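S.K.: this one's structure only:
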């Protein structure tokens with residue numbers, strides 16, 4: 001039976017936990033240095049059939065662990081709703097779509113726990129939603145954190161770019177209402193310019209994010225190699241398979257858009273399926 005510790009015992013326990021955390025962080029950073037310039041794995045050429053097979057395998061993983069991954073999907077959907085509420089509450093309606101679409105930029109980081117579940121299923125191990133947090137025990141967690149920080153920074157740059165595009169087209173005056181904003185976007189030349197420029201700039205951000213992360217995150221979980229090697233391998237996979245990877249990006253984007261209608265509810269299913277499918281795509285690309 002647990003007992004209530006006195007303040008001295010409690011403080012000692014917290015200091016011990018902090019010490020373990022700092023030690024783990026030091027090991028992770030040291031691991032990044034130790035594995036730098038690792039040999040690149042073999043990158044295969046894939047076809048459209050590989051995308052279909054990856055989606056089928058991802059859906060199979062979703063069905064196998066439906067209850068567990070639905071819990072994770074709910075977390076993603078709630079996070080999206082919180083972002084949407086913040087956008088409305090802070091009078092940032094013009095950034096609502098950039099916030100929603102920007103989720104695709106950090107999607108590979110958000111789905112890293114799903115990669116772990118698929119990896120464990122391949123090994124025939126017992127799986128529950130708590131295993132998604134086993135990624136924090138991975139040797140390359142330091143590299144994962146650094147790469148994830150880069151994606152978050154890219155997401156923030158996209159939001160700043162989207163805000164600048166709004167201010168130089170429909171802005172700088174805030175829309176009086178949601179209806180007025182939608183009318184301005186759809187039925188004015190300034191709104192059309194915002195759409196065209198925004199889609200072009202957003203496409204560039206999406207290409208960069210996908211190139212550096214689509215293969216690197218699962219690769220870091222699966223193999224003990226360097227962060228630079230993982231990123232180079234991911235970029236090589238995209239450049240060697242431009243058409244399939246471009247289609248994969250469209251599939252992910254379309255899935256996230258459909259999953260966001262209505263009220264982001266569909267993300268409860270879409271995000272887990274796409275996360276699992278990305279792991280299987282990685283398996284087909286990397287030998």
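M.R.: Sure, I can see it. Keep in mind that this is a model prediction, so the values were computed, not measured.
S.K.: what's the closest non-adjacent residue to residue 171?
M.R.: residue 94 (7.2 Å; Cβ to Cβ, 6 or more residues apart in numbering). Using the backbone N, CA and C atoms, a C-beta is placed for each residue, glycine as well.
S.K.: got the buried residues for stretch 172-185?
M.R.: Neighbour counts over stretch 172-185 (16 or more other Cβ atoms under 10 Å) mark 175, 181, 184-185 as buried.
S.K.: tell me the mean pLDDT for it?
M.R.: In this model, stretch 172-185 has a mean pLDDT of 79.
S.K.: show me the helices in the stretch 51-200 of the chain, by range?
M.R.: 66-89, 96-110, 112-122, 141-167, 178-187, 189-213 (DSSP state H, counting those that start in this stretch).
S.K.: helices and strands around the third one, which ones?
M.R.: Using 3 or more Cβ pairs under 8 Å, 6 or more residues apart in numbering; DSSP states H and E, the elements in contact with helix 112-122 are helix 48-64, helix 66-89, helix 216-222, helix 267-285.
S.K.: helix 141-167 and that one, what's the angle between them?
M.R.: 140 degrees (axes from the mean of the first three to the mean of the last three Cα atoms, to 10 degrees).
S.K.: ok, back up a step: tell me the most buried of the helices of the stretch 51-200 of the chain?
M.R.: helix 112-122 (a mean of 23; mean count of other Cβ atoms under 10 Å).
S.K.: so how far is it off the chain centroid?
M.R.: 15 Å (Cα atoms, centre = their mean, to the nearest Å).
S.K.: shaky segments in the stretch 1-150 of the chain?
M.R.: 1-35, 66-92, 127-132 (pLDDT under 70).
S.K.: rerun at 90
M.R.: 1-40, 61-146, 148 (pLDDT under 90).
S.K.: how far away is the spatially most central residue of the chain from residue 214?
M.R.: Centroid-nearest residue in the chain, with Cα atoms, centre = their mean: residue 107, separated by 1.7 Å. Distance, residue 107 to residue 214, using Cβ to Cβ, to the nearest Å: 10 Å.
S.K.: please apply the same query to residue 267.
M.R.: 19 Å.
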